[in-house]
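Undergrad: Return a 3D structure for these sequence lines:
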Amino acid sequence: MKNGLWPNLFKGWDNKESETINTLKLIPVFKNFTKKEFLELEKLVHHRNFSQNEFVFKNNAPGEGMYIIMKGSIKISIGENKNEKVLANLQEGDFFGELALFDDEPRSANAISLSESKLIGFFTPDLLALKDRNPVITNKILFNLGQILGERLRQTNSLLLNKQKNDK
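TA: Numbering: from 1, shown residues only. This is a model prediction of the structure:
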């Protein structure tokens, strides 16, 4: 005879992780997170859908936080129309806009959806709320962001040095 208690007790419990957590695991900002920390982070993030050619944000708009691409693709550019310069084309698993977590400066570029896209937003108020509830997670995020930004700065410096050498 089957006992009805056990199936009900474990109903909905399994080791499968959500699509959100699987995406967050790809992002170096959240490296070295435990399963429990990912579950807490999942409660804070926001999901947003964008149509093709829709602006995620525009140059000079207030920076409210970072975005992670779950589905679709995003173009980062400056300028408009014939004067547009594409800085990056981002795909699923990429992230952008993370500098907004550090300061209140306006956006320095446009972010435009190249296709139907589903993004995860992690915004400054979320980070500040997390700081009060779980400073360990917040410290991990800030440390990881610092490493990422440091690496990007080194890459930019290298590109500038190479350009200067080639211009001579």
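
Undergrad: who's in contact with the closest residue to E64 other than its chain neighbours?
TA: Of all residues not flanking E64 in the chain, F123 sits nearest, at 5.1 Å (CB to CB, 6 or more residues apart in numbering). Every residue, glycine included, has its C-beta placed from N, CA and C. Going by CB atoms under 8 Å, 6 or more residues apart in numbering, F123 touches 46, 64-66.

Undergrad: List phi and psi for F123.
TA: phi -110, psi 160 (degrees, to the nearest 10).

Undergrad: same deal with the one 5 residues further on?
TA: As for L128, its main-chain torsions (degrees, to the nearest 10) stand at phi -70, psi -40.

Undergrad: Identify the residues contacting E37.
TA: Applying CB under 8 Å, 6+ apart, the residues contacting E37 are 30, 134, 136-137, 140.

Undergrad: Of these, keep whichever come out buried.
TA: Using 16 or more other CB atoms under 10 Å as the burial test, the contacts of E37 include 30, 137, 140 as buried.

Undergrad: Which helix or which strand is home to the last one?
TA: Read it as K140. Using DSSP states H and E, K140 falls within helix 135-167.

Undergrad: returning to that earlier point: for P106, state which of the contacts of F123 is nearest.
TA: The nearest member of those to P106, counting by CB to CB, is E64 at 10.7 Å.

Undergrad: does the closest one really touch T124, like I thought?
TA: Yes. Under the criterion of CB atoms under 8 Å, E64 makes contact with T124 at 6.2 Å.

Undergrad: Mind listing the shared neighbours of the two?
TA: Looking at what touches both E64 and T124 (by CB under 8 Å, 6+ apart), the common residues are A100.
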